[in-house]
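predicted model, plus sequence, below.
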Amino acid sequence: MANVYGIYSVQNGNLIAVEAIPDPKIEPDFNIITFPINNQYTKQGTLDGKLGLNQDPDYPSADAQRGSYFNPQECQDLERQIENDESNLASDYAKAQGASKNDGVEMEKPSAVLEKAHKDSKRNLVNTYVWSADNGVFIESEQSLSTWEETFASQLNFDSSYGINTDISLVAGGLSVGGSANVLFGYHLQNQLSKSQSVSRGLGIDLKNNCEGILGWYNPLSQDYDYDAKGMTIPSVPGKVNGYRFKTFYLAPTNDAFNHFFDTVVDPKWLQEDDSPEAKAIREARGNATQTWRLFHRVTYVSRVPGATKIPVESIKTKISAINPEANQLVIGHLSGRRHHSEKYDKEIDNLLNDYKNFFSEDDRDHLKKNISTYWEAYNEAQKENTTKPEE
């Protein structure tokens, strides 16, 4: 909240300037500012700089070097940094616990001790997620809960007692009389006083991944996927992502994170040239450096539906001509039930091919006759082996 002031000329009353000054009666508060991210940092819609089997325009070298969220090396470096920070923090606490309280050093006040512990408790977190089209999301997460409690107690015990001790002896005419008396009084006083103060702080990351697991073709006209007669989606689209692994990092506030935001994260052209209130607010914040936390994702593995093998067109035509499944099926049906080879059979094959001469090319006919001849040679050899093999 700000108060807007106008500066006017005393001489002619004209407005000279308008200035907005924060209201000192209102405490600073939080707000959310939306800004575009630099596409060279990360880009929505591409995990690794590729769109299907093609390269994203912002990452023309993605086949050789992945881009966008894909950065396994950065993940390894950050995880090592987090481990080192945790080790250093554990070492500091171990030293503090082993310090003597009677070494003559003046102790800090409880509030100061807790405040320092609260600041030192800021931790870095990293979660691992694996998504696949078949199984959904697997999550390996960690939560942090830190609690500090200090208790100061005092106890006072006081015992006191007092009394009177009297002895009396009387002698008269040979008669002696004596006596004694003791009177005691006492009390016990016990006073206990204790005071405790505690601070707790929890931190965790809760992430939801609602990626679709359907890998078939999407029909923009029907706004649905194409299904076959059995209600199953038509085979997977080459290039669609069918699985990927990523990590989510939360890094405790640092000055380096503040500089990283302006140097790398935000779109530089938008920050410099845009006249929107959001851009102006971020430009103003740039002059007030402070510690900034970071929350971001990094991809370490991407799996896609493989595309068709690239074969030269001429090679494909040759293979199709050689395979010709319709022709092979016709010959298989003709061979069914045959038990021997004869010249008459060869003429039947010639007649068969002539009957379907419009269906087969000359190359197909020659190829089929050659395959049939090879078949019968193998068949006759097998028959001879079975005939000459001695019985066991």
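Yep, that arrived.

name the helix or strand for the closest residue to Gly178 other than its chain neighbours, please.
Nearest residue to Gly178, sequence neighbours excluded (C-beta to C-beta, 6 or more residues apart in numbering): Ser169, at 4.2 Å. All C-beta atoms are positioned from the backbone trio N, CA, C, and that covers glycine. Taking DSSP states H and E as the criterion, the element that holds Ser169 is strand 144-172.

now that strand: mean pLDDT?
Averaged over strand 144-172, pLDDT sits at 69.

beyond it, next helix or strand please.
Next element after strand 144-172 (DSSP H and E): strand 175-203.

for that next one, packing partners?
Packed against strand 175-203 by the contact rule (3 or more C-beta pairs under 8 Å, 6 or more residues apart in numbering; DSSP states H and E) you find helix 110-120, strand 144-172.

partners of that strand in the sheet?
strand 144-172 (antiparallel) (DSSP bridges).

quick check, pLDDT for Asp267.
95.

please determine how far it is located from Glu278.
11 Å (C-beta to C-beta, to the nearest Å).

before we move on, what about Asp56?
26 Å.

so these two - more neighbours on which side?
Asp56 (18 against 15; other C-beta atoms under 10 Å).

and Asn135, how many neighbours?
10.

what pLDDT does it get?
pLDDT, Asn135: 85.

measure Thr166 to Ser160 for me?
On the measure of C-beta to C-beta, Thr166 and Ser160 end up 21 Å apart.

what number of residues lie near Val302?
Considering only other C-beta under 10 Å, Val302 is surrounded by 19 other residues.

and it, which of the three is it?
Assigned state for Val302: strand (three-state reduction, DSSP: H, G, I helix; E, B strand; the rest coil).

can you pull the contacts of it?
Each residue near Val302 by C-beta atoms under 8 Å, 6 or more residues apart in numbering is listed here: 47-48, 66, 70, 241, 243-244.

by neighbours, which of the residues you listed wins?
Going by other C-beta under 10 Å, Phe70 tops those with 24 neighbours.

show me where the stretch 251-392 of the chain dips below the pLDDT cut-off.
308-346, 352, 355-361, 375-376, 378-392 (pLDDT under 70).

okay, strands next: where are they in it?
In the stretch 251-392 of the chain, the strands defined using DSSP state E, counting those that start in this stretch lie at 292-304.

any buried residues in stretch 282-289, and which?
For stretch 282-289, burial by neighbour count (16 or more other C-beta atoms under 10 Å) applies to Ile282.
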